[in-house]
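Novice: could you look at this predicted model? Sequence included:
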Amino acid sequence: MQTTMHTGPWPPLAAEGHTQWRVAIQRGNRAFGQGDYVCAIHHYRYACTIADTFFGRAGDADSGVAALVIAHHNLADACENLRLPGQQGCQLCTVHERLYRAMGDPCLDEPWRQAAYRHSRRTYAELARYAGRHPKHRRALAALALDVAGPPSAPPLH
């Protein structure tokens, strides 16, 4: 699948996290390209942690959300190549659910909520592809049922 292998300009998360995230993604991509999916998973998980840490705090909302999506989708791709469909589904659900919650989070600035909405279209599409191959994955089906037509009207429960 590897639909989210990042090759373009790197999203500027925040000065202190940008370099670490970029290095983790690059190392993960290198390991992925060499077929070392276990090592790729390690690096992508670290990239997810970094992107999650700076989510809502980095200067550029669109890039911050993109960093989270890239890391989770790359991690899901590595899981798929290791034939770990449950873990792949977990990553796809996790990022989609995170963006859904962000869309209605009153503590996030409006640019972050809007960026979450825009990127949720991509996470929804990846999740739908996954659910097509794994139609009995309950969490994926529940995540697909979340409203991606726009931000929720009430803050979600945490």
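Specialist: It's in.
Novice: buried stuff in the longest helix along the chain?
Specialist: In the chain, assigned by DSSP state H, the helix with the most residues is helix 110-133. Buried residues in helix 110-133, counting neighbours by 16 or more other CB atoms under 10 Å, are found at 112-117, 119-120, 122-124, 126-127, 130-131. Placement of C-beta: from N, CA and C, glycine included.
Novice: who does that helix touch, helix- and strand-wise?
Specialist: For helix 110-133, the packing partners by 3 or more CB pairs under 8 Å, 6 or more residues apart in numbering; DSSP states H and E come out as helix 61-81, helix 85-103, helix 138-144.
Novice: neighbours of residue 97, just the number please.
Specialist: Neighbourhood size, residue 97 [other CB atoms under 10 Å]: 18.
Novice: surely it meets residue 145?
Specialist: No - contact status for residue 97 versus residue 145: not in contact, 11.1 Å apart, counting by CB atoms under 8 Å.
Novice: list the contacts of residue 41.
Specialist: Taking CB atoms under 8 Å, 6 or more residues apart in numbering, we find residue 41 in contact with 28, 75, 78, 79, 82.
Novice: redo these as JSON lines? Include distance to residue 93.
Specialist: Below are the contacts of residue 41 laid out as JSON lines (distance: CB to CB, whole Å):
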{"residue": "28", "distance to residue 93": "20"}
{"residue": "75", "distance to residue 93": "12"}
{"residue": "78", "distance to residue 93": "16"}
{"residue": "79", "distance to residue 93": "12"}
{"residue": "82", "distance to residue 93": "18"}
